[in-house]
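S.K.: 3D, please:
(one chain, ligands or ions: 1)
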Amino acid sequence: MLLLRVGGRVFPPGLGRETLATLSRMDALVDGWGREIRSLRVSVTDKCNFRCRYCMPAEGLEWLERDELLTYEEIARLVRVLAAMGVDEIRLTGGEPLVRRELPALVEQLHAIPGVRDLSLTTNGVLLDRLAGPLVEAGLTRLNVSLDSLSHVRFTEITRRDALDRVLAGLEEAERYPELRPIKVNCVAMKGFTEVEVPALAELARRKPYVVRFIEFMPLDADESWRGDAVLTGAEIRALVEERWPLEEIPAKASSTARRFRFADGASCDRIRLTADGQLRTCLFSRKEWDLKTPLRTGASDEDMAELLRFAVRHKELKHKINEPGFVRASRSMSQIGG
Ligand code: SAM
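M.R.: Presented below is the predicted three-dimensional model:
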């Protein structure tokens, strides 16, 4: 495929002169450490239809009011500005993104934005059986499904919902669309729970076209029950898999979160996050958020927004400090930030 290079960035052919001129006018989004920001996570809702024990209390949380949520048009506008600054990878998340009505309509709007190269979704998968088709048609290219157990009893125990069969049906449905690849299955690795899941999930990865990933349990649970010793490490997981199948390490992109030790090199992070209520976070563990909703709703121009984004990103943290003394928890839990 032919690609055009404008201002150090690459765009597919077929863009009008005017679009290219606008795109090239905006400088790249670079943080104070010289890292160019290329990836954005957009939380479209804080609501979820699961109650995973490591994420949300059984009774749920205090949900945002409807008018506090960014509209699809507001999200698309921010993504347009960010794409013009070189952000080319957008992941939709939540809460549970599929509970927000007409999500394919947002995917369609984002897919149409010049510069957006990679459009993916993180979901618990329970509504995928109905929505995989419309999402692919709208332009979704990649999928992450969270799945912590392949046993009905343990799945229900961890999510507080008896929904394993529907999640597996959602995955099967997603598999029918070859345009939707890779399909990643993410499992939060918790000591005392996940050990028995490791061989079963490794076997799933051998049998199905899924990339299975084990995610470090992080101090982002609403119940604040996280302890360092509840984390099942990458080395422990690898050893459990290698009891049955030897593994080979695949070199990963420096910014990839799918390495054995997810946080071993936070310094390479090129991601920012947009919460469902329009706050920009420059790190999952930020204590500070940058309000984008107010300027969006009070007439700021695209240039004003670009300036604000640039300013916020200049203050992006070098890396998180989970394993360092004096670590302070993030101000919100995972579902409220957008996991
Ligand atoms: N509902 C969607 C899902 O289930 O994928 C998207 C949002 S969810 C908050 C995103 C991911 O964050 C899920 O894979 C979930 O398992 C993970 N997560 C939530 N709390 C976590 C924690 N304390 N530590 C590690 N991962 C966590």
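
S.K.: next to the ligand, which bits of the stretch 1-150 of the chain? Give me the list.
M.R.: Within the stretch 1-150 of the chain, the positions near the ligand by Cβ under 6 Å from any ligand atom are 48, 52, 54-55, 93-94, 96, 122-124, 146. Every C-beta, even on glycine, is put in place using the N, C-alpha and C of the backbone.

S.K.: okay if I get these as a markdown table plus pLDDT?
M.R.: Listed next are those as a markdown table, based on pLDDT from 0 to 100:
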| residue | pLDDT |
| --- | --- |
| Cys48 | 98 |
| Cys52 | 96 |
| Tyr54 | 91 |
| Cys55 | 93 |
| Thr93 | 98 |
| Gly94 | 96 |
| Glu96 | 98 |
| Thr122 | 98 |
| Thr123 | 98 |
| Asn124 | 98 |
| Ser146 | 98 |
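
S.K.: okay, among these, which ones form the most distant pair?
M.R.: With distance counted by Cβ to Cβ, no two of those lie farther apart than Tyr54 and Thr123, which are 17.0 Å apart.

S.K.: neighbour count: the two, which is higher?
M.R.: Each of Tyr54 and Thr123 had its neighbours counted (other Cβ atoms under 10 Å), and the higher figure belongs to Thr123 (25 against 20).

S.K.: got the contact list for that one?
M.R.: For Thr123, the contact set (Cβ atoms under 8 Å, 6 or more residues apart in numbering) comprises 96-98, 143-146, 170.

S.K.: look up phi and psi at it.
M.R.: Phi and psi for Thr123, reported as degrees, to the nearest 10, are phi -140, psi 160.

S.K.: now do the residue nearest to it when sequence neighbours are not counted against Leu220, distance only.
M.R.: If the residues on either side of it in the chain are set aside, Thr123 comes closest to Leu98, at 5.4 Å by Cβ to Cβ, 6 or more residues apart in numbering. Distance, Leu98 to Leu220, using Cβ to Cβ, to the nearest Å: 21 Å.

S.K.: same question, Ala132
M.R.: Between Ala132 and Leu220 the distance is 27 Å, computed by Cβ to Cβ.

S.K.: quick one: which of those two has more around it?
M.R.: Here Ala132 and Leu220 are compared on neighbour count by other Cβ under 10 Å; more neighbours surround Ala132, at 26 against 21.

S.K.: residue contacts, the closest residue to Gln279 other than its chain neighbours?
M.R.: For Gln279, the nearest residue in space outside its immediate sequence neighbours is Glu289; the separation is 3.8 Å by Cβ to Cβ, 6+ apart. With contact taken as Cβ under 8 Å, 6+ apart, Glu289 is in contact with 275, 279-281, 331.

S.K.: how close does Glu289 get to Gly278?
M.R.: Shown here: Glu289 relative to Gly278, a distance of 9 Å by Cβ to Cβ.

S.K.: could you do Leu143 as well?
M.R.: As judged by Cβ to Cβ, Leu143 and Gly278 stand 25 Å apart.

S.K.: between those two, which is the more surrounded one?
M.R.: Leu143 (26 against 23).

S.K.: contact partners for the closest residue to that one other than its chain neighbours?
M.R.: Taking Cβ to Cβ, 6+ apart, and ignoring the residues beside it in sequence, Leu143 has Ile183 as its nearest neighbour in space, at 5.0 Å. The contact partners of Ile183, taken as Cβ under 8 Å, 6+ apart, are 142-145, 171, 174-175, 209-211.

S.K.: one step back: select from the contacts of Glu289 the one having the most neighbours.
M.R.: Neighbour count (other Cβ under 10 Å) singles out Arg281 as the most crowded of the contacts of Glu289, with 26 neighbours.

S.K.: immediately after the helix or strand hosting Arg41, which helix or strand?
M.R.: In this structure, Arg41 sits in strand 39-43 according to DSSP states H and E. The element immediately downstream of strand 39-43 (helix or strand, assigned by DSSP H and E) is helix 72-84.

S.K.: can you show me the helices along the stretch 101-250 of the chain?
M.R.: Using DSSP state H, counting those that start in this stretch, the helices assigned to the stretch 101-250 of the chain run over residues 103-111, 128-138, 152-159, 164-175, 197-207, 234-242.

S.K.: thought the residue nearest to Thr123 was touching Leu128?
M.R.: Yes: the pair Leu98 and Leu128 passes the contact test of Cβ atoms under 8 Å, sitting 7.0 Å apart.

S.K.: tell me the spacing between Glu317 and Thr282.
M.R.: Distance check for Glu317 against Thr282: by Cβ to Cβ, it reads 6 Å.

S.K.: what's the neighbour count on the closest residue in space to Arg53 that isn't next to it in sequence?
M.R.: Excluding its sequence neighbours, the residue lying closest to Arg53 (Cβ to Cβ, 6+ apart) is Ile158, at 5.7 Å. By other Cβ under 10 Å, 22 other residues sit near Ile158.

S.K.: can I get the helices of the stretch 101-250 of the chain in JSON lines including mean pLDDT?
M.R.: Formatted as JSON lines, those follow (pLDDT from 0 to 100):
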{"stretch": "helix 103-111", "mean pLDDT": "98"}
{"stretch": "helix 128-138", "mean pLDDT": "98"}
{"stretch": "helix 152-159", "mean pLDDT": "97"}
{"stretch": "helix 164-175", "mean pLDDT": "97"}
{"stretch": "helix 197-207", "mean pLDDT": "88"}
{"stretch": "helix 234-242", "mean pLDDT": "85"}
